[in-house]
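Chemist: Got a predicted model here, sequence first, then my questions.
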Amino acid sequence: MNQDTEKGKNADVNWYKNVWKVVSEIPPGHVLTYGEVARLSGNPGWARRVSQALRRAPRKMKLPWHRVINSQGKISFPEDSSGWTRQKDLLEDEGVIFLNGKINLERFGYRGAVDRLLWGEEIL
DNA sequence: GCGCTGACCGCCA
DNA sequence: CTGGCGGCCAGCG
């Protein structure tokens, strides 16, 4: 198998795929931050590229891009943009609650999902 | 080939 | 809580 031979430009495309896969694995009703997606895809600190990867993702994949938000627990689009409204609508449809325009990451975030597995629904 | 921008993050004041 | 600064890489004029 080639492990070192796939370095270079191929690694970038591979990473894009990885990002898309990670995003597609996000269960409904939960969200991930850009930093977490970058970390889970094996490249901590590449949060900025995650946004570009999502933007360049083909629509065919039906990627749940709306489940990716920023570390502040807020939607990264400008509040007056159509994307912001679209994303908020999609998330609310999955049961995600917006509190004053922000999402409680302790409850809907990745860590919240882990805690829920360990502690149940005691997180309220 | 250079420089700025971007669905960002984390740290610090 | 807000704002500013540096860092990250790809894309575009």
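Modeler: Here it is on my side, so go on.
Chemist: Would you confirm that A:I26 contacts A:P64?
Modeler: Yes - with contact defined as Cβ atoms under 8 Å, A:I26 counts as touching A:P64 (5.9 Å). Where you see a C-beta, it was placed from the backbone N, CA and C, and this is true even at glycine.
Chemist: need the residues of chain A near DNA strand C, please.
Modeler: A:D12, A:G45, A:W46, A:A47, A:R48, A:R49, A:Q52, A:R56 (Cβ under 7 Å from any atom of the strand).
Chemist: any idea which of the residues you listed has the most stuff around it?
Modeler: Highest neighbour count within the residues of chain A next to DNA strand C, by other Cβ atoms under 10 Å: A:W46, with 19 neighbours.
Chemist: Spit out the contact partners of it.
Modeler: Contact analysis of A:W46 by Cβ atoms under 8 Å, 6 or more residues apart in numbering lists A:W15, A:A38.
Chemist: So which residues of chain A form strands?
Modeler: Using DSSP state E, the strands of chain A run over residues A:32-33, A:68-69, A:98-99, A:102-103.
Chemist: ok, and the closest non-adjacent residue to A:P28?
Modeler: Leaving aside its chain neighbours, A:P28 sits nearest to A:E94 (4.6 Å; criterion: Cβ to Cβ, 6 or more residues apart in numbering).
Chemist: Worst mean pLDDT across the helices and strands of chain A, which element?
Modeler: Confidence across the helices and strands of chain A bottoms out at helix A:110-119, with a mean of 70, counting by mean pLDDT, DSSP states H and E.
Chemist: Now do the residue of chain A found nearest DNA strand C against DNA strand B, distance only.
Modeler: Relative to DNA strand C, the nearest point of chain A is A:R48 (3.6 Å; Cβ to the nearest atom of the strand). Between A:R48 and DNA strand B the computed distance is 4 Å (Cβ to the nearest atom of the strand, to the nearest Å).
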